[in-house]
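A.B. asks: predicted model and sequence below, questions to follow.
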Amino acid sequence: MTPLSVNGRPVSVDAEPDTPLLWVLRDVLGMTGTKFGCGMALCGACTVHVDGRPTRSCITPLSAVTGRRINTIEGIGRFRVGKAVQAAWVAENVPQCGYCQSGQVMSAVALLSANNDPNDAQIDAAMSGNICRCATYPRIRAAIKRAAKKLA
C-alpha cells in the first residue's frame, strides 16, 4: 500500500510504483475529473497539482508522488484561487465540450497562485501545452483575467 495525500486527505492505494498517477486517481480512487488525453504530457488534460505545481499525471509515476501533496480538479475549489477560477469559468462560459477543462483550470489556478495579475503573454506562457480542440482560448484568457480581478 502506498500512502498519498489527495485533496488534503490521506489515502492508501494498492498499485505498482510505476503506475501513472492519472490511472491511480481515475481507476483506483474513482476520481474521474482528471482526464486522459494524449498519454504523452502534450495536451494538458491530465494536469493536477503536486506540491502546488501543475504536473502532467499521465507520465508521473506513483513512486514520484509518495509523500507529496496532490490536488485534483475535485478539490481545487477548497482554495480561494480555485474558487475564483471556477466562478470565472462559469461566468465566461468557457467550456464547450469540456474535456480539457479540468487541466485548463488546474493550470490557471497554478498561474494565479504565483502571479495574481498576469498579462496576456504570461497567461499564454502558463497555459501553453493545454490544448482545447474547441478553441475556447479567448474565453479562457478572459476567465483568467476575471479571476485575477476578483482576487485583487
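C.D. replies: Happy to help now that I have it.
A.B. asks: so how far is Cys132 from the one residue sitting closest to the centre of the chain?
C.D. replies: For the chain, the residue nearest the mean C-alpha position is Met106 (2.6 Å; CA atoms, centre = their mean). The spacing between Met106 and Cys132, counted by CB to CB, to the nearest Å, is 14 Å. For the C-beta atoms, the positions are set from N, CA and C on the backbone; glycine is no exception.
A.B. asks: now Gly129: how far from Glu16?
C.D. replies: 27 Å.
A.B. asks: what comes up buried for stretch 38-47?
C.D. replies: Residues of stretch 38-47 classed as buried: Ala41, Cys43, Gly44, Ala45, Cys46, Thr47 (neighbour count, 16 or more other CB atoms under 10 Å).
A.B. asks: three-state assignment of Ala108?
C.D. replies: At Ala108 the chain is in helix, as set by DSSP: H, G, I helix; E, B strand; the rest coil.
A.B. asks: how about it, what does it touch?
C.D. replies: If a contact means CB atoms under 8 Å, 6 or more residues apart in numbering, then Ala108 has Val85, Ala126, Met127, Ile140, Ala143, Ile144, Ala147 as its contacts.
A.B. asks: in a markdown table: those, plus pLDDT, secondary structure and neighbour count.
C.D. replies: A markdown table is the format used below for the contacts of Ala108 (pLDDT from 0 to 100; DSSP: H, G, I helix; E, B strand; the rest coil; neighbours: other CB atoms under 10 Å):
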| residue | pLDDT | secondary structure | neighbour count |
| --- | --- | --- | --- |
| Val85 | 98 | helix | 31 |
| Ala126 | 96 | helix | 19 |
| Met127 | 96 | helix | 23 |
| Ile140 | 97 | helix | 25 |
| Ala143 | 98 | helix | 25 |
| Ile144 | 98 | helix | 28 |
| Ala147 | 98 | helix | 27 |
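A.B. asks: closest to Ile76 among these?
C.D. replies: Distance to Ile76 across the contacts of Ala108 (CB to CB) is lowest for Val85, with 7.6 Å.
A.B. asks: got phi/psi on Ala15?
C.D. replies: Per-residue torsions, Ala15: phi -150, psi 160 (degrees, to the nearest 10).
A.B. asks: do you know how far it is from Trp89?
C.D. replies: Ala15 is 31 Å from Trp89, by CB to CB.
A.B. asks: tell me which of the two has more neighbours.
C.D. replies: Trp89 (22 against 19; other CB atoms under 10 Å).
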